[in-house]
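>>> Sequence first, predicted coordinates after that:
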Amino acid sequence: MKFGAAVLRSYESPFAVEEVILNAGPADGEILVRIEGCGMCRTDLAVRRSAGRTPLPAVLGHEGAGVVVETGGQDTGPGVGDHVVLSFDSCGHCRNCLGAAPAYCDSFASLNLFGGRAENAARFTDAAGGALAPRWFGQSSFAEYAMVPARNAVRVGPALPVALLGPLGCGFLTGAGAVLNTFGAGPGDTIAIFGAGAVGLAAAMAATAAGAVVVAVDRYPERLALAERFGAIPLHAASAGLPDRIQRLTDGGARFALDTTGSARLINDALRSLRPTGHLGLVARLHTALPLEPGALDRGRTISHICEGDAVPGLLIPRLTGLWQAGLFPFDQLIRTYPLAAINEAERDCDAGRVVKPVLIPEGSR
């Protein structure tokens, strides 16, 4: 079948919306999804800085949501007509997948970042027959259609605004999952969130919904205003004595801190803002060594990396849509929609901080 998709042909070039060809229907365990909307994530944009590790040309996009139009077998789970949110790929049979930790799948990098499933490599081409990289995060959903392993797809209710739900599969899942899964935050807990972008603001919403006291740190006043709207105490990242201020606001230090920035200075500030035995979670990928200041990791404090919010998507995504329906997780307030044809404008706005979460709407879905 032929359909439109945004193709990235080199690490420096803009996206080009062009016709692509899927040369075979769904195999056993796969579903074909008509994409209604796809979020743009910083991970998509980081491909430009991947030092050639991500194969190109490729169709990116890994926060897709849409409607199943074809299945590859009787036991795929989602059926034709079901509304689904697409999340990351995982093998399903390694020790971590079997232990309900698919974000730490032994094959996570190869399946999601560096080439996808080898058996699907020859199925996706451009209009001239040139090969495109296998599926990005099992999806390649900057497109009108996506062929995905059924394992990636989570059914959602047909009354929900499916075009806006895609970011629940990665960015919003990561922030909310860090709070609800990794930290297990509840009433009376204190959380300091460093970076009020899509992940940080999702974490702030989830923490407020859980009954925690939240402090949000960012350098952009408009992001801090959003965090305050969602129940957080705002603090500018350049504030003098930031750890001491957070300790005062949280009655002796935050129990948890979440860093979404990857900034060594803010990571050290986050550690110093914790109470004894506090836990700092990092979600940003670090590209250089992380120097820790003397005393930052004292008094039983711990630091760990959190991938995909430690989530089982089939469990967390329904929880988040339920919180949204209850008015407790208003993620839609972070979204601005763009037609798929305006993907380069969306990327520029995202890079410039003019939008928290762009969602691309394919032409046929508007």
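Perfect, thanks for sending it. Numbering: from 1, shown residues only.
>>> can you give me the helices in this protein?
Listed from the start of the chain, the chain has helices (DSSP state H) covering 42-45, 95-98, 108-112, 171-177, 198-209, 221-229, 242-249, 264-272, 313-325, 343-352.
>>> Select, out of the ones you listed, the one closest to Ile191.
Of all those, it is helix 198-209 that lies closest to Ile191, at 4.8 Å by CB to CB. Every C-beta, even on glycine, is put in place using the N, C-alpha and C of the backbone.
>>> For Asp332, which non-adjacent residue is closest in space?
Leu164 (5.4 Å; CB to CB, 6 or more residues apart in numbering).
>>> residues contacting His287?
Contacts here follow CB atoms under 8 Å, 6 or more residues apart in numbering; on that basis His287 touches Gly262.
>>> Please give me every residue in contact with the residue nearest to Asp332.
Residues near Leu164 by CB under 8 Å, 6+ apart: Gly37, Ala65, Phe331, Asp332, Ile335, Thr337, Val359.
>>> is it true that the first one touches Leu168?
No - with contacts defined as CB atoms under 8 Å, Gly37 does not count as touching Leu168, sitting 11.1 Å away.
>>> what sits in contact with each of the two?
Ala65.
>>> So for those two, which residue has more residues nearby?
Leu168 (31 against 26; other CB atoms under 10 Å).
>>> now Gln136: how far from Asp44?
Slight slip there: residue 136 is Trp, not Gln. For Trp136, the distance to Asp44 equals 8 Å [CB to CB, to the nearest Å].
>>> ok, these two, which is more surrounded?
For Trp136 and Asp44, the more surrounded residue by other CB under 10 Å is Trp136, and the numbers stand at 28 against 25.
>>> mind listing what that one touches?
Asp44, Thr54, Ala58, Val59, Leu60, Gly61, His62, Asn112, Leu113, Gly116.
>>> Can you tell me, leaving aside adjacent residues, what's nearest to it?
Leu60 (4.9 Å).
>>> tally of neighbours for the one you found?
27.
>>> Same question for Asn152.
Asn152 has 29 neighbouring residues, counting by other CB under 10 Å.
>>> got the contact list for Glu63?
38-41, 86, 141, 166-171, 359.
>>> Could you find the lowest-pLDDT member of these?
Within the contacts of Glu63, pLDDT reaches its minimum at Cys41, with 93.
>>> okay but it is in contact with Gly171, surely?
Yes - the criterion here is CB under 8 Å, and Cys41 meets it with Gly171 at 5.2 Å.
>>> Tell me the residues that contact both of the two, please.
Shared contacts of Cys41 and Gly171 (CB under 8 Å, 6+ apart): Glu63, Ala198.
>>> and the residue nearest to Thr208 when sequence neighbours are not counted, how many neighbours?
Nearest residue to Thr208, sequence neighbours excluded (CB to CB, 6+ apart): Gly231, at 3.5 Å. Gly231: 16 surrounding residues under other CB under 10 Å.
>>> now do Phe142
30.
>>> related to what we said a few turns ago, shared neighbours, Trp136 and Asp44?
Common neighbours of Trp136 and Asp44, using CB under 8 Å, 6+ apart, are Leu60, Gly61, His62.
>>> dump the residue contacts of the last one.
To tie it back to what came earlier, the one meant is His62. By CB under 8 Å, 6+ apart, the residues touching His62 are 41, 43-44, 86, 88, 112, 136-139, 141, 169-170.
>>> Give the phi and psi angles for the closest residue to Gly64 other than its chain neighbours, as a check.
Using CB to CB, 6+ apart and skipping the chain neighbours, the partner closest in space to Gly64 is Ser141 (2.9 Å). With angles defined as degrees, to the nearest 10, Ser141 sits at phi -100, psi 10.
>>> wait, what's in contact with Gly66?
Val33, Arg34, Ile35, Glu36, Gly37, His83, Val84, Leu86, Ala146, Val162, Ser365.
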